[in-house]
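Colleague: pasting the sequence and the predicted coordinates here, then a few questions.
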Amino acid sequence: MTTTSPPAMTDAAPLWYAWFDGAAAPNPGRLGLGVVLQSPDGAQTVFSTRGEGAGCSNEAELQAACLALAQAHAAGARRLILTGDSDFAVRHGAGTDHTAVPRLVALIEQVQRWMTRFEHLEWRWVPRHRNQCADRLSRAALGLAHKPAPHPGKPKAARRRRA
């Protein structure tokens, strides 16, 4: 989902990429944020930190999106593709959906304020198994072990029954 028109390619700033993920443990509970930022030359910087306060997974995801936007802007990004595995964060960040929950509305407004600092910002949703690095970072911020996402189409391992 593109939120602004891309500038003319002749005058375009370099394209950056960011992947974000948020975790709540338990849900609701403590918040963990993970971000992977990739510069146009391919160099990656990772961020793993606790979120503000406590809340649900949607609050964690929105805080992680804010962290990704803040870090990208601080690094000099002006054109960004922002990718996450939260359908909620992507839809609400891109402005294609709305909620009346005050705590979430405040975070969505914060995301949208950060978005205005970019010439071009494109939101992308991916399934969790394609966002594993950011997922690992968000869980690590809470001291949790990595929990690989199931890959669609791969059969689950059969459980052994004890005799």
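Modeller: Thanks, I have the structure now. If you're wondering where the values come from, they're calculated on a predicted model, not measured in any experiment.

Colleague: which stretches of this structure form strands?
Modeller: 15-25, 29-38, 44-55, 79-84, 120-125 (DSSP state E).

Colleague: closest to Pro150 out of the ones you listed?
Modeller: strand 15-25 (16.0 Å; C-beta to C-beta). In this view, the C-beta of every residue, glycine as well, is placed from N, C-alpha and C.

Colleague: before we move on, the earlier item: any chance of the strands of the chain in a markdown table, plus mean neighbour count?
Modeller: Shown next, in a markdown table, are the strands of the chain (neighbours: other C-beta atoms under 10 Å):
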| stretch | mean neighbour count |
| --- | --- |
| strand 15-25 | 25 |
| strand 29-38 | 23 |
| strand 44-55 | 16 |
| strand 79-84 | 23 |
| strand 120-125 | 19 |
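
Colleague: show me the shaky parts of the chain.
Modeller: 1-11, 154-163 (pLDDT under 70).

Colleague: quickly list what the spatially most central residue of the chain is bridged to.
Modeller: Taking C-alpha atoms, centre = their mean, the centroid of the chain lies closest to Phe20, which sits 2.4 Å from it. Note on Phe20: beta-bridge partners Val35, Gly84, judged by DSSP bridges.

Colleague: cool, thanks, signing off.
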